[in-house]
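this one's structure only:
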């Protein structure tokens, strides 16, 4: 995390507010789900009232190179007043990016849309399944029938950390067959 001490005052406090504040949707704001990215900080989103029809939203320049949004994230948007007659154009401006703790806060305040409850529960149940599988494999290394033991080298991941899929798990080979053949000679 080199370079964190050299951030400007504005960028430092903007990052802290994005990560640590608990925003709530205001009068002209909605909680929406990001469906896809279009590049140039443009995103396809779906609103709770129109789940099947994607809308276009932009990320303001103050967030550029500070915050990244990926597919299936939840954000709070403000209506931008785009062209309503033909359905095209940018209609929404992203005001806040919601993380797990912020989503839990909104659910506890009963501000979370009911349409997104199913989506959030599906993601939560997948996390529970993964946790149960990882608990079983934490105690022992996974060994396959060919004598190769895959040692992952990690205990448990934090909720906020993502798994690096580019890193290959460490490979350890148990060579019991060679020692048993030497004993027979």
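All right, it came through fine. Just so we're clear, the structure is a prediction, and the values are computed from it rather than from any experiment.

what's the first helix or strand after the helix or strand harbouring residue 43?
Assessed by DSSP states H and E, residue 43 sits inside strand 42-46. Using DSSP H and E, the helix or strand that directly follows strand 42-46 along the chain is strand 55-58.

partner strands of that next one, with direction?
strand 42-46 (antiparallel), strand 92-98 (parallel) (DSSP bridges).

what does the longest strand belonging to the chain rub up against?
If you go by DSSP state E, the chain has its longest strand at strand 29-39. Contact partners of strand 29-39, identified using Cβ atoms under 8 Å, 6 or more residues apart in numbering, comprise 25, 43-48, 54-57, 69-79, 92, 95, 98, 106, 111-113, 116, 119. Glycine gets a C-beta too; all of them are placed from N, C-alpha and C.

repeat that for 6 Å
With Cβ atoms under 6 Å, 6 or more residues apart in numbering as the test, strand 29-39 has contacts from 25, 43-47, 54, 69, 71, 73-74, 76-78, 113.

re the thing from before, so which bits of the strand holding residue 43 are buried?
43, 45, 46 (16 or more other Cβ atoms under 10 Å).

so for residue 6, what's the pLDDT?
pLDDT recorded at residue 6 is 59.

about what we covered before: okay, the strands paired with strand 55-58 in CSV with mean pLDDT and distance to residue 17 next?
Listed next are the strands paired with strand 55-58 as CSV, based on pLDDT from 0 to 100; distance: least, Cβ to Cβ, whole Å:
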stretch, mean pLDDT, distance to residue 17
strand 42-46, 93, 20
strand 92-98, 95, 9
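
now render those as TSV, adding distance to residue 36.
Shown next, in TSV, are the strands paired with strand 55-58 (distance: least, Cβ to Cβ, whole Å):
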stretch	distance to residue 36
strand 42-46	4
strand 92-98	14
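
relative to residue 12, which of those is closest?
strand 92-98 (16.9 Å; Cβ to Cβ).

now for the following helix or strand past that closest one, which elements pack on it?
Per DSSP H and E, strand 92-98 leads on to helix 100-108 as the next helix or strand towards the C-terminus. For helix 100-108, there is no helix or strand it packs on, judged by 3 or more Cβ pairs under 6 Å, 6 or more residues apart in numbering; DSSP states H and E.

got the buried residues for helix 100-108?
102, 105, 106.

next: stretch 62-69.
Those buried within stretch 62-69 under the rule 16+ other Cβ under 10 Å are 63, 67, 69.
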